[in-house]
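Asker: turn this into a structure:
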Amino acid sequence: MSRAYASPTSEPAKSGSTQIYRCSELSGADLNDGTLQGAKTLYENLWKGVETFGNKNLYGTRKGSQYKWKTYAQIGELVTQFGSGLVKVLAENSQNRYTYGTNWNLAIYSVNREEWCVAEHAAHAFGIASVALYDTFGIESIEYIVGHAETPVVVCSLDKVKGLLSSAAKLPVIKVIISMDVLESNETNDAMRALAKQNKIALIDFKEVTTLGQQNILKHLPPKATDLATICYTSGTTGLPKGALLSHRNFTACGGSIEPLVKAGKLDDIPHVMVSYLPLAHCFERVMEIGMISMGYAIGFYRGDVLGLMEDLSILKPTVFPSVPRLLNRVYDKVRSSTLEAGGVKGILFRKAYAAKKAQLKAGHGFKHAIWDRILFSKVAAVIGGQVRIIVSGSAPLSGDVLDFLRIMFCTEGLEGYGQTENAAAATCQRQGDFTSGNVGAPLPCVEFKLMDVPEMNYTSKDQPRPRGEICFRGHNVFMGYHKDPAKTKEALDEDGWLHTGDIGIITEHGSVSIVDRKKNIFKLSQGEYIVPDRIEAVLAKSRLAQQVYLHGDSLQPYLVVVAVLNHENYLQTYPGFLGQSAVDVAKAPSTSVAILEEFTKLCKQAGLKGFEIPKAVFVTSELFSVENGILTPTFKVKRKEAHHSFKKEINQLFVNLKAQDEASEKAKL
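Answerer: Numbering: from 1, shown residues only. Below is the predicted model of the structure:
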């Protein structure tokens, strides 16, 4: 790779930081000014799509064994109808406190589906901001966010209605609940309508609101680029969620920058389709969909169960597949076991073919091979529909080995990006034709970055061979601040407009960014050594025997220990003596923890980790970390505090056992 993906501007570096870097695409021009195919707002983005791609498919919903589609024109009509009804029904049920032209916030609460998107488009058409609620949020989080954001209307799936009504006393701000599903007259729904009436809340369904709007069409109230588009609450690993205020410009700047980077080549022979399954409450998914709409792509929703995603993909046959490491690691593990680790002639062929393609990839010659793709890899690509032209990974670090594997096995571009809620989910991204791994690409055209010294962690802009420091961004995608929280806003945004990410990065020789550390997420062992758990967990995540890991250490202990979630299927393949035993029984077996610890140790040594960075004991559980049990955030990051609390007893016992082993070893020496 000879091209430079980003280069420093002519502005001299300030003390304590590197020069400011911008992407090479700008060639001296100003940052992308926040337009997407000429659209300066999300409202304009949709309606330009309606005008340009009217009869093309926009949203698809799986019905049985096929997808049913609505066109751009049909969605445009539905948005106007639902938005008009939305404005009218709230005015009627708020004593005209919220009338036509009044600014307020609309909460949306469900898995990805057509109604979710229509509701947000309708909000933007009438000058209303959205507040996206993760489908997996518990009622306590919902109570906090709905109250904090003051949302008088909640549009939600039917399964969420009962919970909202049961907390009505704690949600006095709610005036209307709109069910995305039809509220047919039956015992359950009639009881909910009665409970809603008792609490002075109007309970109505999506279809009823749309019909009301058809009878009372209102003129759109288009927002300005600087207007608030959404309040996106960060899931956070500690404390209460923070409400990031994101403008229309923040999103169009991001979407406009991403669009040329992820455009999946010339696809005259097949439809342009993106699969939608990552939570729409997360900015990453919304930015991807914004970019797709600007290009006239179709967007197909999964059926709501991620366990059935592969079947959805086989029917939908997407060309663009946005994903996150948590899922891609599982795909990697599944495909690897049936290809590279297969026995007999099959395994031999795959290993030979893979080696040939990897050498080609590393030489910068791409991910396609005229012979091996036709014989082997086209069949593997069929696992995700067979037509994927680009995989985009975000949300968390993805191992370089996994990214290379995906490119080779699925014969597709594989790009890793990086961003935060505070910069509309996207700040850097690899470019098509960049076949490197272990980096998150260069800045998008809408933003610039620099690294600032973190002397307490020995990261400085003067480091050799490459500068290191905290990544800071400034540009059109940087958020407006936190809702009702000036103190937190001041912590995140300095007086010069730089967003301090808390992530430590290195600027590579090609101008890409590589994430190497987290400013706050470190701890010290008793002997004084600093530990970066994320980096070590990324190594442990390559294990075939464990599907989730939580690394623990503290200043009172000299060792690291791990809580590992058993990969039951793979463990049985590796140790067939356990065939027939349940995951619970296998996890409890003493030999299981020994085997997994041995694999962890091997992986750590292969990665070149230091001795104190290698865990010395492991507790194995069969229960997955999840949002429901409080250990994962809705974006699938481990909540370290909650994980420690959940396994405190087991972790303490690991330390007791290690101490006893040390004492026994010392006695043996005497």
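Asker: without its sequence neighbours, what residue ends up closest to the most centrally placed residue in the chain?
Answerer: Geometric centre of the chain, nearest residue: S395, 3.9 Å, by Cα atoms, centre = their mean. Residue nearest to S395 in three dimensions, not counting chain neighbours: V324, with 4.3 Å by Cβ to Cβ, 6 or more residues apart in numbering. In short, each C-beta sits where N, CA and C put it, glycine included.
Asker: what distance do you get for that neighbour to G419?
Answerer: To G419, V324 is 13 Å away according to Cβ to Cβ, to the nearest Å.
Asker: ditto for V87
Answerer: Distance, V87 to G419, by Cβ to Cβ: 33 Å.
Asker: give me the more crowded residue out of the two.
Answerer: More crowded of V87 and G419, by other Cβ atoms under 10 Å: V87, with 29 against 25.
Asker: specify the local secondary structure of the more buried one.
Answerer: With DSSP: H, G, I helix; E, B strand; the rest coil as the basis, V87 sits in helix.
Asker: name the element E11 belongs to?
Answerer: Using DSSP states H and E, E11 is not contained in any helix or strand.
Asker: surely it and Q19 touch.
Answerer: Yes - with contact defined as Cβ atoms under 8 Å, E11 counts as touching Q19 (6.7 Å).
Asker: who has more neighbours out of those two?
Answerer: For the pair E11 and Q19, the greater number of neighbours falls to Q19 (17 against 10), based on other Cβ under 10 Å.
Asker: name the nearest residue to that one, sequence neighbours excluded.
Answerer: Nearest non-adjacent residue to Q19 (Cβ to Cβ, 6+ apart): P8, at 3.7 Å.
Asker: phi and psi next, for the one you found.
Answerer: The phi/psi pair for P8 (degrees, to the nearest 10) reads phi -70, psi 150.
Asker: so it sits against T18, correct?
Answerer: Yes - contact criterion Cβ under 8 Å: P8 and T18 qualify, at 7.4 Å.
Asker: between those two, which one's more packed in?
Answerer: Between P8 and T18, counted using other Cβ under 10 Å, the more crowded position is T18 (21 against 16).
Asker: residues in contact with the more buried one?
Answerer: Applying Cβ atoms under 8 Å, 6 or more residues apart in numbering to T18 gives the contacts P8, K450, L451, S461, P467, G469, I507.
Asker: narrow these to those in strands?
Answerer: Judged by DSSP state E, strands contain the following of these: P8, K450, L451, G469, I507.
Asker: show me what the first one is bridged to.
Answerer: When you say that, I think you mean P8. Going by DSSP bridges, P8 is paired in beta bridges with Y21.
Asker: R330: what secondary structure?
Answerer: R330 - assigned by three-state DSSP - is helix.
Asker: and the residue lying closest to it once chain neighbours are set aside, how far from V620?
Answerer: Nearest residue to R330 in three dimensions, chain neighbours excluded: Q547, at 7.0 Å (Cβ to Cβ, 6+ apart). Per Cβ to Cβ, Q547 is found 11 Å from V620.
Asker: neighbour count: these two, which is higher?
Answerer: Ranked by neighbour count (other Cβ under 10 Å), Q547 and V620 place V620 first, with 25 against 21.
Asker: for the more buried one, give its distance to P325.
Answerer: For V620, the distance to P325 (Cβ to Cβ) stands at 22 Å.
Asker: for the helix or strand in which K160 is found, name the packing helices and strands.
Answerer: Element membership for K160 (DSSP H and E) is helix 158-166. Other helices and strands packing on helix 158-166, by 3 or more Cβ pairs under 8 Å, 6 or more residues apart in numbering; DSSP states H and E, are helix 139-149, strand 153-156, strand 176-179, helix 187-198.
Asker: which SSE is V563 in?
Answerer: strand 561-566.
Asker: for that strand, name the packing helices and strands.
Answerer: Against strand 561-566 (3+ Cβ pairs under 8 Å, 6+ apart) you get strand 546-552, helix 583-588, helix 590-606, strand 617-621, helix 648-669.
Asker: hey, which of these is tucked in deepest?
Answerer: strand 546-552 (a mean of 24; mean count of other Cβ atoms under 10 Å).
Asker: neighbouring strands for it, and are they parallel or not?
Answerer: If you go by DSSP bridges, strand 546-552 pairs up with strand 561-566 (antiparallel).
Asker: what angle do the strand it pairs with and helix 648-669 make?
Answerer: Computed with axes from the mean of the first three to the mean of the last three Cα atoms, to 10 degrees, the direction of strand 561-566 lies at 120 degrees from that of helix 648-669.
Asker: give me the mean pLDDT for stretch 64-77.
Answerer: The average pLDDT for stretch 64-77 rounds to 97.
Asker: ok, and what's touching that stretch?
Answerer: Residues outside stretch 64-77 that contact it (Cβ under 8 Å, 6+ apart): 46-47, 49-50, 52-62, 78, 114, 117-118, 121, 296, 298, 300, 315-316.
Asker: for PyMOL, what selects the buried ones among those residues?
Answerer: Buried members of the contacts of stretch 64-77, defined by 16 or more other Cβ atoms under 10 Å, are picked up in PyMOL with:
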select buried, resi 46+47+49+50+53+56+57+58+59+60+62+78+114+117+118+121+296+298+300+316
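Asker: I'd like to know which of the contacts of stretch 64-77 are part of strands.
Answerer: N57, L58, Y59, G60, T61, R62, A298, G300.
Asker: quick one: which of these is nearest N199?
Answerer: T61 (31.6 Å; Cβ to Cβ).
Asker: how far away is that closest one from G304?
Answerer: Taking Cβ to Cβ as the measure, T61 falls 10 Å from G304.
Asker: what is in contact with the two at once?
Answerer: Listed as contacting both T61 and G304 by Cβ under 8 Å, 6+ apart are R113.
Asker: next, the buried residues of stretch 623-631.
Answerer: Buried, per 16+ other Cβ under 10 Å, within stretch 623-631: F625, V627, I631.
Asker: so for that stretch, first residue to last residue, what's the gap.
Answerer: Using Cα to Cα, to the nearest Å, the end-to-end distance of stretch 623-631 comes out at 11 Å.
Asker: what of stretch 634-646?
Answerer: For stretch 634-646, the end-to-end distance is 18 Å (Cα to Cα).
Asker: now that stretch: mean pLDDT?
Answerer: For stretch 634-646, the mean per-residue pLDDT is 84.
Asker: quick check: S622 touching A564?
Answerer: No - taking contacts as Cβ under 8 Å, S622 lies outside contact range of A564: 10.4 Å.
Asker: compare neighbour counts for the two and give me the winner.
Answerer: A564 (26 against 15).
Asker: excluding chain neighbours, what is closest to that one?
Answerer: A546 (3.9 Å).
Asker: pLDDT value on the one you found, please?
Answerer: 95.
Asker: what sits against it?
Answerer: Listed by Cβ under 8 Å, 6+ apart, the contact partners of A546 are L540, A564, V565, L566, N567, I596, E599, F600, V620.
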